[in-house]
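Novice: The following block contains a protein sequence and its predicted model.
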Amino acid sequence: MGNNIPRKMNRILILGGGFGGVATARKLAKDMPENSSIQMVSMKNYLEYYPALYRMITSSSPIEVCVPLYEMLPERVAVDIDEIIEIDVVEKHAIGKSGSKYFYDTLIVAMGSETAYFGIESLKTMALGFRSASEAIKLKNHLAHLFASHSHQDKNELVSHYHIVVVGGGPTGVEVAGDMVAHMRSLAKIHQTDPSLVTVDLIEANNRLLSMMSEDVSDRVMARLRTLGVNIFLNRQLVKNDIEEVFLKDMTLETKTLIWTAGTQLNSVCTNTKGFTFTDRKRIAVNEYMEAVGLSDVYIIGDAAGTKYSGLAQTAIYDGKYVAKTVVGKAKNKKIEKYKEKPVAFSIPVGDSWGAFKMGKFTIYGYPAYMIRHAIDFIYFSQVLSFKNFISLFLEGFKYRKVSEE
Ligand SMILES: Cc1cc2nc3c(=O)[nH]c(=O)nc-3n(C[C@H](O)[C@H](O)[C@H](O)COP(=O)(O)OP(=O)(O)OC[C@H]3O[C@@H](n4cnc5c(N)ncnc54)[C@H](O)[C@@H]3O)c2cc1C
């Protein structure tokens with residue numbers, strides 16, 4: 001496969017079909033002059049809506065979390081499902097695992113980030129991850145299996161059997177831990193097991209949770225987690241894990257369930273690309289037009305870009321729209337505006353019907369913040385889906401949730 005697009009066309013290649021890639025492709029398809037081709041290469045044929053992943057463990061359907069690319073992208077965008085293994089910025093092509101070469105005149109790199117294990121190799125095989133729908137399903141099955149599988153009588157053994165350890169006190173770890181106690185206790189009831197046997201620990205290497213937010217938010221979220229029954233250990237770094245044992249710097253925990261949410265790093269294909277330079281945060285350095293430093297017509301967006309607010313879906317969508325506008329502007333010989341960083345809003349649900357929302361100096365907690373989170377989900381989806389698909393997807397997800405609650 002690859003591409004055989006005539007050279008007289010301006011060949012635009014988008015790598016990655018996540019938030020940033022989809023936002024870029026939709027805008028380019030609408031505004032780009034006809035003498036351009038738009039091609040997307042992505043590993044999966046759907047967009048994974050990470051912000052709703054944690055709900056998949058307790059209620060949501062995979063339908064709500066994985067949205068097929070064909071439902072979001074206009075026909076004008078040619079989509080290839082392939083895993084990119086190399087980007088060559090000299091020869092101007094990307095190479096797929098299939099052996100295909102994808103040539104470009106304009107490249108948009110939107111390949112996101114991946115889990116970092118900080119050199120603790122055993123985590124890759126023994127810990128449960130939380131960065132994809134398949135990992136969320138694996139975790140959901142693992143939890144259900146804990147209740148179906150135990151044959152212990154000894155109380156100590158039962159306590160370690162139902163001991164859940166979540167590592168990482170960032171937004172994902174906080175959300176997962178917040179939901180875990182209630183979910184595990186309801187599974188215990190279904191399986192006629194004593195719910196008091198369930199323990200949920202949250203481990204953080206830093207001296208507070210949610211270190212990207214202000215201290216007052218960390219304190220309120222910590223108090224809320226404690227009310228829900230989560231044990232919080234701060235200043236504890238995981239050094240290794242083994243079968244059924246987690247070694248922190250100064251203590252050992254026995255568990256069958258280690259959920260690793262502690263690290264994120266740049267996509268390794270980008271890390272290995274010759275010609276990219278990197279920021280202190282180890283993201284790709286970009287100029288004021290979001291081009292990779294020293295490389296014209298190679299744009300970097302979303303989690304991969306070394307900008308202040310990268311690492312969030314809202315930034316990836318914003319970047320995608322900016323880059324599409326820039327590429328269209330160049331094609332139409334219009335004046336190009338510089339990229340302006342856009343401050344983000346943080347919204348974190350902590351257990352049922354409670355959340356923390358922060359935008360600039362404005363902070364709210366409790367049910368209103370929890371509802372804002374749902375509103376934000378709607379806003380994101382409405383930006384990457386057509387209105388018709390957006391409504392039907394949410395109705396489907398809602399219907400599914402009703403059925404699974406019955
Ligand atoms: C559990 C979780 C919860 C989150 N919650 C929130 C939240 O509430 N709010 C928020 O704003 N952000 C949230 N985020 C962060 C947000 O999801 C990311 O910042 C956003 O997805 C980044 O968009 P992106 O386009 O850069 O990358 P992604 O959306 O990750 O897209 C990358 C795309 O590239 C593809 N790809 C990767 N490698 C290759 C390859 N080698 N070849 C081909 N294709 C490849 C992937 O399949 C994917 O389609 C959360 C993230 C996680 C993991």
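Specialist: Arrived safely, thanks for sending.

Novice: burial count for the one residue in the stretch 301-406 of the chain that gets nearest to the ligand?
Specialist: Going by CB to the nearest ligand atom, the ligand is nearest to Gly302 of the stretch 301-406 of the chain, at 2.2 Å. All C-beta atoms are positioned from the backbone trio N, CA, C, and that covers glycine. Counted with other CB atoms under 10 Å, residues neighbouring Gly302 total 31.

Novice: if I look at the residue most central in space within the chain, how far off is Asp179?
Specialist: In the chain, the C-alpha nearest the mean C-alpha coordinate belongs to Tyr50, at 4.3 Å (CA atoms, centre = their mean). As defined by CB to CB, to the nearest Å, Tyr50 lies at a distance of 15 Å from Asp179.

Novice: try Ile284
Specialist: Note on Ile284: its distance to Asp179, by CB to CB, is 34 Å.

Novice: neighbour-wise, which of these two wins?
Specialist: Remark: of Ile284 and Asp179, Ile284 carries more neighbours, 26 against 21, as counted by other CB under 10 Å.

Novice: My read is that the more buried one contacts Glu291, right?
Specialist: No - judged on CB atoms under 8 Å, Ile284 makes no contact with Glu291 at a distance of 10.1 Å.

Novice: Quick check: neighbours shared by the two?
Specialist: Ile300 (CB atoms under 8 Å, 6 or more residues apart in numbering).

Novice: Show the contacting residues for Gln39.
Specialist: Gln39 neighbours (CB under 8 Å, 6+ apart): 3, 5, 11-14, 77-80, 102.

Novice: is stretch 366-386 anywhere near the ligand?
Specialist: No - if you take CB under 6 Å from any ligand atom as the test, stretch 366-386 misses the ligand, and the best it gets is 7.2 Å.

Novice: Please export the C-alpha coordinates of that stretch as CSV.
Specialist: Taking C-alpha atoms only, stretch 366-386 is exported to CSV below (Å, rounded to 0.1, in the frame of the first residue of the first chain):
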residue,chain,number,x,y,z
GLY,A,366,-18.8,18.5,44.7
TYR,A,367,-21.7,17.7,42.5
PRO,A,368,-21.6,20.8,40.2
ALA,A,369,-17.9,20.0,39.4
TYR,A,370,-18.9,16.4,38.7
MET,A,371,-21.6,17.5,36.3
ILE,A,372,-19.2,19.9,34.6
ARG,A,373,-17.0,16.9,33.8
HIS,A,374,-20.0,15.3,31.9
ALA,A,375,-20.5,18.5,30.1
ILE,A,376,-16.8,18.6,29.1
ASP,A,377,-17.2,15.0,27.7
PHE,A,378,-20.0,16.3,25.5
ILE,A,379,-18.0,19.3,24.4
TYR,A,380,-15.0,17.1,23.4
PHE,A,381,-17.1,14.6,21.4
SER,A,382,-19.0,17.4,19.7
GLN,A,383,-15.6,18.7,18.4
VAL,A,384,-14.5,15.5,16.8
LEU,A,385,-17.9,14.0,15.7
SER,A,386,-20.6,15.2,13.4
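
Novice: that older thread, from the contacts of Gln39, which single one is nearest Val65?
Specialist: Val79 (19.4 Å; CB to CB).

Novice: Thought Met43 was touching the closest one, still the case?
Specialist: No - counting by CB under 8 Å, Val79 does not reach Met43; the two are 11.5 Å apart.

Novice: Quick one: low-confidence residue ranges for the stretch 151-300 of the chain.
Specialist: 151-153, 240-246, 248-249 (pLDDT under 70).

Novice: residue boundaries of the helices in it?
Specialist: Taking DSSP state H, counting those that start in this stretch to define them, one finds helices in the stretch 151-300 of the chain at 155-161, 171-190, 215-228, 268-271.
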